[in-house]
Each structure stands twice: as structure tokens, then as C-alpha cells.
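Peer 1: Could you look at this predicted model? Sequence included:
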Amino acid sequence: MLNMMMMTFMYERRNKAETWDQQGLVPRAVTHIEKMKKSYGKYDIAGESKKRHTASKDGQQWSINLDDQECECKQWQISGLPCVLVPMRRPWKKYCSKYNSVSSYVTTDVDAIYAPPREVRPPPLIRPAGRPRKQRRKDVDELNGNGGERKCGKCGMIGHNKKTCKDPPVLPQLPIRRPISIQDIPVSQRELRAEMGFNITNDEPMSTRGRSGRSSIRGGGR
């Protein structure tokens, strides 16, 4: 279907080009020249040199270079068709890009598209081994399924996993431990009072403070 459509399209283009002036411009370029001829009187043209002119209108001005086929409005450089100054200078084809000529148009469509043979031979379909994939393979610059980039569990870098990692492993960071406070040291109240200078008797029970902060009396009993 697509082959037949393109074949007909190219055939009609070749037939249409045969009715044009083979030494002239395509109808689109001729229409543009006629439009510029109507706008020529709306601009004030001042000559800078033999090949440079300035077109001004409503306080704005544009410099035109006929040799380089350039204009400050950039229309000449983009479309290959001249600005408002050129339509008054013949031949017009001299100031237009060669791609706007009928000869270039005919050269583009010189090769024909032929209908395909009736017998279509598609490539053989061989089902690969294993279960078919349900998800496509994602590129390296794409995000993973969780919405974030992949992070290697071996080196810690982003963009690959530890199965394909070639970098040396990073040493694991040790957990930061908080400093030990006095409540965490099982020091008996008896030893603490002795360090503070109190008189301690032998029959005084020993009491310690555990991690929970509660005191326990050793040797008391109920």
C-alpha cells in the first residue's frame, strides 16, 4: 500500500515538472517573487555600494548584501529566496538558491519507484528459547522501574549494578556509636560514695545502676 502511494506520488511530480519552464524557477519561488514585487514600494531603499543596500520601514532598517545573498532579516538565508530589494533586479534566478530551480526539482525525482513483486518473502520467524520478555530493555540513560537510577551495591556508584561492576569494592562504614554515659556503667553506689569521701560501713548494702537507670540493691533480698 505504501509502495503504491509513493510510486504514484513521484510519477505525478515528474509529470507536473514537465509543464514548467525548465530554465526557470519552481512555481513556489515565482509566487514569492510576485509577492515581494507588491511590497517593494513600502520600503525605502538606499544604496551603500554597488552590491550593498539598506531597506528601511517604520524606523527599522535592514542591510542587504547581493554578492553573499544575505539580509539582516534572515529570510534570504533560511528560504533561499531573496528579500524585497531583489525582485526589481533581473534575472531573478541569479539571486535564488539553486534548490528553487526547476532543474533541481526534476533531478530530485528522476528515479522512479517500481511496484513490488507479487510474491512477498518475509524473513523466517524463529521463536527464541525461553520465556518471552514482558518488558523491553532500557537504555543506560533511562530510569529503572522504581523511578530512580540504578546504584551499585559493590562500589556505590550510579549507573550499573554489582553484577556488571568492574570497580573494587568499597569498605563498609562502621556504625557510629554514641559516647558511653555514666548511666551505662554498672558502678555501685558504694564505690561512688567511697570516691566522694563518704564513710562506708561493711554492713551497708551495695546498689548498682543498670542501663535502664534503675538502681538494684545487691544482697538485700525480701
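Peer 2: Great, that's in hand.
Peer 1: Every contact and neighbour count from this point should use C-alpha atoms.
Peer 2: Noted.
Peer 1: Spell out which residues make up each domain of the chain.
Peer 2: 2-108, 182-210 (automatic domain parsing).
Peer 1: Lowest average confidence across these, which one?
Peer 2: Of all these, the minimum mean pLDDT falls on domain 182-210 (a mean of 60).
Peer 1: ok, residue 106 touching residue 16?
Peer 2: No: Residue 106 is beyond contact range of residue 16, at 9.7 Å (criterion: C-alpha atoms under 8 Å).
Peer 1: Show me which of these two is the more surrounded one.
Peer 2: residue 106 (17 against 11; other C-alpha atoms under 10 Å).
Peer 1: and the more buried one, what element?
Peer 2: helix 102-108 (DSSP states H and E).
Peer 1: tell me which residues in that helix are buried?
Peer 2: Neighbour-count burial for helix 102-108 flags 102, 103, 105, 106 (criterion: 16 or more other C-alpha atoms under 10 Å).
Peer 1: Can you add distance to residue 39 and give these back as JSON lines?
Peer 2: Listed next are these as JSON lines, based on distance: C-alpha to C-alpha, whole Å:
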{"residue": "102", "distance to residue 39": "25"}
{"residue": "103", "distance to residue 39": "28"}
{"residue": "105", "distance to residue 39": "28"}
{"residue": "106", "distance to residue 39": "31"}
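Peer 1: This structure: strands as residue ranges?
Peer 2: 44-47, 52-57, 60-65, 70-71, 206-209, 215-218 (DSSP state E).
Peer 1: Pull out the buried positions in the first one.
Peer 2: What it means is strand 44-47. Applying 16+ other C-alpha under 10 Å to strand 44-47 flags residue 45 as buried.
Peer 1: Right, I'll call it a day here.
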